[in-house]
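Asker: Compute the structure for the input listed below.
(4 chains)
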There are 2 protein chains.
Amino acid sequence: MLPGMTATRSTRQRDVISRVLDGAEGPLTVGEVLRRAQTDLPGLGIATVYRTLKLLTEQRRIHPVALDGETLYEPSGRGHHHHFSCTSCHRVFTLHSCPLSLPAGSVYPGGFVVEAHEVTLYGRCPQCAATG
Amino acid sequence: MLPGMTATRSTRQRDVISRVLDGAEGPLTVGEVLRRAQTDLPGLGIATVYRTLKLLTEQRRIHPVALDGETLYEPSGRGHHHHFSCTSCHRVFTLHSCPLSLPAGSVYPGGFVVEAHEVTLYGRCPQCAATG
DNA sequence: GTGCCTGCAAACTTTTTGCAGTGCG
DNA sequence: CGCACTGCAAAAAGTTTGCAGGCAC
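Answerer: Numbering: from 1, shown residues only, chains lettered A, B, ... in the order given. The predicted structure is shown next:
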């Protein structure tokens, strides 16, 4: 480790929070991370969740997803993907295909140099479409 | 007017806030709406901005746009469009073309019934691309 | 044993609500 | 002139920070 750097410890809290995010079906809100992590670690505090999400984000192990004005978190390194937000049950799903062909470096009409893109689809998830 | 319904009045505050949104180059944050509206109406309070944005949203005259965890507002009825968020100057622009062909009712791989979609492009705006 | 990490509580920030006065219709 | 609307201030909700004790290493 470089001089001046501080160590980052492995703790039960951080392990549980990472595991919750890794095992989720899609990105989670702060509250949802807390709730799920507390089933393993009842005493876990919300401040630790915020601090850990910030730490993991700085380490690029997870990243925030802005959706409907909420900030959700999901693990990084799962490749390019997008999200589907169900207007009925309000769950968010991860979509593994991309409907868009816009490689980084493309120039969009008007002179906008595209570095990245985000697509969110809204509608009814398979379950809600069948039910409703 | 139907019985039980309450009237909605036209006021200087509402007019100014609507005008600010109509004249903006892209969607605005609550704080930005307040700041711009106050140049015309210095005494305007933040509570009135929140209440008016909520009212205009219920009337479908404007709608919220989720972007980077912030909620921005823009006028409705300007047709299908998307947004470009500049990673350098952090301004948000409105894009008048759509890179995506996904009509409402399409079924996306996995059985997701699409009602709407949102695309956000990230990168450098024409100005920042030229400067930087 | 050292000092990073945690839980709790207090401090901030952002959004909502209550209330008395104001002004639209 | 009645009552919806506004500004102010307090309340509620969401996020960050300070601190004393606990635990990883």
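Asker: Going by C-alpha atoms from here, please, whenever you check contacts or count neighbours.
Answerer: Fine.
Asker: count of residues packed around residue A:114?
Answerer: 22 (other CA atoms under 10 Å in any protein chain shown).
Asker: again, but for residue A:72
Answerer: For residue A:72, the neighbour count with other CA under 10 Å is 21.
Asker: swap in the one 5 residues further on?
Answerer: Neighbour count for residue A:77, taken as other CA under 10 Å: 10.
Asker: can you tell me the helix or strand for it?
Answerer: According to DSSP states H and E, residue A:77 maps onto no helix or strand at all.
Asker: what's the closest non-adjacent residue to it?
Answerer: Distances taken as CA to CA, 6 or more residues apart in numbering or on different chains put residue A:61 closest to residue A:77, at 7.7 Å, once the chain neighbours are dropped.
Asker: Distance check, that neighbour against DNA strand D.
Answerer: According to CA to the nearest atom of the strand, to the nearest Å, residue A:61 and DNA strand D sit 17 Å apart.
Asker: surely that residue meets residue A:78?
Answerer: No: using CA atoms under 8 Å, residue A:61 is not in contact with residue A:78; the gap is 10.5 Å.
Asker: neighbour-wise, which of the two wins?
Answerer: Each of residue A:61 and residue A:78 has its neighbours counted (other CA under 10 Å); residue A:61 has more, 14 against 8.
Asker: Enumerate every residue touching the more buried one.
Answerer: Contacts for residue A:61 (CA atoms under 8 Å, 6 or more residues apart in numbering or on different chains) come out as A:75, A:76, A:77.
Asker: repeat that with 10 Å
Answerer: A:18, A:53, A:55, A:74, A:75, A:76, A:77 (CA atoms under 10 Å, 6 or more residues apart in numbering or on different chains).
Asker: Determine whether any part of the strand or helix carrying residue A:56 lies close to DNA strand D.
Answerer: Residue A:56 is part of helix A:46-58 when elements are defined by DSSP H and E. Yes: for helix A:46-58, a contact with DNA strand D is found by CA under 7 Å from any atom of the strand, at A:46, A:47, A:50, A:51.
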